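Undergrad: What follows is a predicted protein model with its sequence.
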Amino acid sequence: MEPTTTICTVVAIDHTALFYTVCSLCERTLPEPNTAASSLIRCNYCTFTGSTQCKRMFRVLMSVATETKVFVVVLFDRAARVLFGCSAQHFIDFTNIHPLCGETASKILEGEMLKVTLSNPKNGNAQHQRVVSVVPLKSGFRPLIDTLTELYGVRADC
Ligand SMILES: [Zn+2]
């Protein structure tokens, strides 16, 4: 199916799971590291083994409402950055200082009107339509990190 473009309103984002980890060599998804600090992460696709060199990327589940239905879409890194205004790692660093900012981010986005282009999952296992591009419709839309930085009173570049 061809990608479809639609106007929708944000209902919420799942702020409990905003990220996934990719291999810093081949950028494929890595298994989540377990909590033990000494645990090594092994990539299933290449020779990478490590504990610190993996990269975090955005994978955001977002409930949206159109005129006719409410449904969940998934935003990967490129689309999510439009809304967040920063890299996943930057947002993680910010969350480490301000643990509630994921929840706040969801509240800030609530009711935001977006024009989204959705593609249907290519493989049958994926549950959600994927956002391939997103354009906030509000004039003067501010990325989440800007609003959060203002709320929490921290400079964006620290
Ligand atoms: Zn790899």
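TA: Yep, it's here.
Undergrad: for this protein, what spans make up the helices?
TA: Ranges of helices in the chain, per DSSP state H, are 77-84, 88-97, 101-109, 144-152.
Undergrad: CA-only coordinates of the shortest one, as CSV, when you get a sec.
TA: Output of helix 77-84 as CSV, limited to C-alpha atoms (Å, rounded to 0.1, in the frame of the first residue of the first chain):
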residue,chain,number,x,y,z
ASP,A,77,14.4,8.4,15.1
ARG,A,78,14.1,10.8,12.2
ALA,A,79,10.4,11.6,12.7
ALA,A,80,10.7,11.7,16.5
ARG,A,81,13.4,14.2,16.3
VAL,A,82,11.0,16.7,14.6
LEU,A,83,8.9,16.6,17.8
PHE,A,84,11.6,16.3,20.4
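Undergrad: which helices and strands sit right next to that helix?
TA: Using 3 or more CB pairs under 8 Å, 6 or more residues apart in numbering; DSSP states H and E, the elements in contact with helix 77-84 are strand 55-65, helix 88-97, strand 129-136, helix 144-152. Every C-beta, even on glycine, is put in place using the N, C-alpha and C of the backbone.
Undergrad: starting at the chain centroid, how far to the helix or strand bottoming out on mean pLDDT in the chain?
TA: Ranked by mean pLDDT, DSSP states H and E, the helix or strand of the chain with the weakest confidence is strand 49-50, at a mean of 75. Computed by CA atoms, centre = their mean, to the nearest Å, the separation of strand 49-50 from the middle of its chain amounts to 24 Å.
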